[in-house]
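Asker: no sequence on hand, only this structure:
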């Protein structure tokens, strides 16, 4: 009986370790085209982008209520945070390990500016 219980605990322990190993995410920044529903570019993260992502998190000061969470056209940028960043404000208290920036495709100057910045991030010269 003791052997069966010990054997069961070993299996459970091994399964938990497998789940933890598989749950680790990529350390690449990914650009997803929403309309195509595919990742179009990836680049390794770097300290400069990490700092910018943390600055974005710290500057959140409001919640947008009337927003379509995922637009029909545009881009999403997934930026992993290494190490995780603690967020404490009136909306959330958590450790954040990645952020996703959603950029809806519009005919505004802001969209053009953001796309120019994205192209700089994902250009081959920044992949060092």
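Answerer: The structure has been received and is ready for your questions. Not measured: the values here are computed from a predicted model. Numbers count the residues shown, from 1 in each chain.
Asker: can you list the low-confidence ranges for the protein?
Answerer: Within the chain, the ranges that satisfy pLDDT under 70 run 1-26, 67, 107-111, 113, 124-128.
Asker: for it, what spans make up the strands?
Answerer: Defined through DSSP state E, the strands belonging to the chain, from first to last, are 28-33, 38-44, 74-88, 93-104.
Asker: deepest of those strands, which one?
Answerer: Mean neighbours per residue, mean count of other Cβ atoms under 10 Å, is largest over the strands of the chain for strand 28-33, with a mean of 18. For the C-beta atoms, the positions are set from N, CA and C on the backbone; glycine is no exception.
Asker: now do it: which elements does it pack against?
Answerer: With contacts defined as 3 or more Cβ pairs under 8 Å, 6 or more residues apart in numbering; DSSP states H and E, the secondary structure elements packing on strand 28-33 are strand 38-44, strand 74-88.
Asker: that one pairs with which strands?
Answerer: Strand 28-33 has the following sheet partners, assigned by DSSP bridges: strand 38-44 (antiparallel), strand 74-88 (antiparallel).
Asker: picking that back up, got CSV for the strands of the chain, with distance to residue 62 too?
Answerer: As requested, those are exported to CSV (distance: least, Cβ to Cβ, whole Å):
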stretch, distance to residue 62
strand 28-33, 25
strand 38-44, 30
strand 74-88, 14
strand 93-104, 16
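Asker: out of the helices and strands packed on strand 28-33, which is closest to residue 65?
Answerer: Proximity to residue 65, assessed across the helices and strands packed on strand 28-33 by Cβ to Cβ, is greatest for strand 74-88 (19.2 Å).
Asker: ok so, going back, go through the strands paired with strand 28-33 and name the closest to residue 120.
Answerer: Residue 120 lies closest, by Cβ to Cβ, to one member of the strands paired with strand 28-33: strand 38-44, at 10.8 Å.
Asker: and that closest one, how far out from the chain middle?
Answerer: For strand 38-44, the separation from the chain centroid amounts to 12 Å (computed by Cα atoms, centre = their mean, to the nearest Å).
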